[in-house]
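> structure for the following, please:
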Amino acid sequence: MNIAHIVDVNHLGNGITAVVHELSHAQKAMGNNVLVLNIHEKAEDIEGFVRCTDSDRFPAYIEEFKPDIVVFHGVFYVKIKSMAKEIVRRGIPYLVELHGAYSRENYKKNKLKKWLFRHVFFDYVLNRSQGLIFLNDSERNNFAINTGSMPTYILPNGCRENNDSRLGELDDSGVINFLYLSRIDLNHKGLDILVDAIKLLVSRGALDKVKFSFYGPGHDDDVKQFKASITGLDSYVKFHGPVYKDQKAKVLGQSDIFILTSRYEGFPMSILEALSYGCPCLVSKGTNVADIIIGHDAGWVVKDLCVQNVADTIIRSVADYRSRAETLRANAMTASREYNWDRIASKSIEIYNIILKNYNYAKA
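Numbers count the residues shown, from 1 in each chain. You can find the predicted model right below:
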């Protein structure tokens with residue numbers, strides 16, 4: 001099968017970048033021909049991605065590659081409409097993989113701008129697609145647009161299996177190292193609530209031998225606000241900026257508990273990566289992975305997102321981890337194996353085959 005993925009990403013730290021990079025490699029390993037076109041005008045060079053910043057070149061790429069199916073990843077780029085027109089003109093079916101776009105919570109941010117984008121660009125693309133791909137049922141149920149009878153499919157994110165033997169070695173210092181590794185966004189990621197919860201625990205003297213390390217990229221204003229919010233917490237909190245590849249692996253391997261208290265997410269790959277490194281996870285319900293964490297006894301879920309609940313869950317997780325770290329770490333790795341990229345790629349091909357069968361039947 002010839003599969004074309006269309007993305008609009010500018011760096012390796014983008015979640016869609018990581019997903020499409022891993023998925024395309026796994027699909028190639030299955031014997032498929034895969035083309036990833038990156039249309040971002042200021043994109044960095046990304047391994048396996050072909051830069052297509054000139055809209056006039058897009059038809060040539062499609063003509064040369066002759067995809068059986070096209071997948072648009074994300075929706076917030078104006079070129080998506082002209083590209084969809086070109087694909088429809090050539091009689092090629094396409095899917096839209098949303099990656100959390102247009103969730104009800106997400107839609108509230110810049111609502112007028114997103115409403116205009118939807119009616120000028122996205123409705124055309126949506127109405128002519130062969131279906132939508134969601135990361136899980138929570139994302140599908142939380143979609144802000146009525147899909148009517150349009151086919152929808154579930155394809156979760158994945159992670160690489162980690163067979164590092166050092167994962168069984170626990171820190172003898174007694175310090176519990178919490179890790180936050182995601183974009184720096186105070187509202188979206190719930191960092192405002194998390195920092196206030198840490199401050200509450202510090203004021204109560206409840207963080208003996210507990211440290212928090214924050215890693216991630218962010219817009220300058222967001223990073224500035226976050227740094228200001230952790231002023232005075234130097235003994236407990238450190239912000240290190242973004243890390244990638246080997247540095248990120250090292251950070252994950254040295255951490256005890258991964259923490260993410262987002263107000264909303266699609267299916268955060270950071271949690272899957274953390275689980276693969278044996279890090280049990282403390283998460284909010286908004287991360288959309290509560291069922292995985294609870295079902296595998298691989299961490300803790302904040303009941304309702306507020307300062308007191310986050311603080312209480314941190315204390316509970318520290319006590320729990322100190323009493324049964326090895327079990328929690330083993331459970332985390334077991335949970336991650338259900339989402340290895342080979343399985344996800346196989347599921348994607350099943351979905352594409354359904355689309356192609358229905359599309360060809362409708363044309364006959």
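> and the helices in the stretch 251-364 of the chain, which stretches?
Taking DSSP state H, counting those that start in this stretch as the criterion, the stretch 251-364 of the chain contains helices spanning 269-276, 290-295, 307-337, 341-363.
> which of these sits closest to residue 18?
With respect to residue 18, and counting by C-beta to C-beta, the nearest of the helices of the stretch 251-364 of the chain is helix 269-276 at 5.6 Å. In this view, the C-beta of every residue, glycine as well, is placed from N, C-alpha and C.
> now the angle between helix 307-337 and the closest one, please.
An angle of 70 degrees separates the directions of helix 269-276 and helix 307-337 when computed by axes from the mean of the first three to the mean of the last three C-alpha atoms, to 10 degrees.
> let me see the mean pLDDT of helix 269-276.
pLDDT averaged over helix 269-276 equals 94, rounded to a whole number.
> pick out the residue nearest the middle of the chain.
By C-alpha atoms, centre = their mean, the mean C-alpha position of the chain lies nearest to residue 268, the distance being 3.3 Å.
> from residue 184, how far off is residue 230?
According to C-beta to C-beta, to the nearest Å, residue 230 and residue 184 sit 11 Å apart.
> which neighbours do these two have in common?
Shared between the contact lists of residue 230 and residue 184 (criterion: C-beta atoms under 8 Å, 6 or more residues apart in numbering) are residues residue 214.
> neighbour-wise, which of those two wins?
Legend: neighbour count by other C-beta atoms under 10 Å for residue 230 and residue 184, higher for residue 184 (23 against 18).
> for the more buried one, give me its contacts.
191, 214, 216-219, 222-223, 226.
> same check on residue 249?
residue 277.
> could you look up the SS state of it?
helix (DSSP: H, G, I helix; E, B strand; the rest coil).
> pick the most buried one from the helices of the stretch 251-364 of the chain.
Of the helices of the stretch 251-364 of the chain, the one with the most neighbours on average (mean count of other C-beta atoms under 10 Å) is helix 269-276, at a mean of 25.
> kindly export that one (C-alpha atoms) in PDB.
What follows is helix 269-276 as a C-alpha-only set of coordinates in PDB (Å, rounded to 0.1, in the frame of the first residue of the first chain):
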ATOM      1  CA  MET A 269       2.900  10.300  24.100                       C
ATOM      2  CA  SER A 270       4.900  11.500  27.000                       C
ATOM      3  CA  ILE A 271       2.900   9.300  29.300                       C
ATOM      4  CA  LEU A 272       3.400   6.200  27.100                       C
ATOM      5  CA  GLU A 273       7.200   6.900  27.000                       C
ATOM      6  CA  ALA A 274       7.300   7.300  30.700                       C
ATOM      7  CA  LEU A 275       5.500   4.000  31.200                       C
ATOM      8  CA  SER A 276       7.900   2.300  28.900                       C
END
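> and it, what does it pack onto?
The elements that helix 269-276 packs onto, with contact taken as 3 or more C-beta pairs under 8 Å, 6 or more residues apart in numbering; DSSP states H and E, are helix 15-29, strand 176-181, helix 245-253, strand 257-260, strand 281-284, helix 307-337.
> thank you, goodbye.
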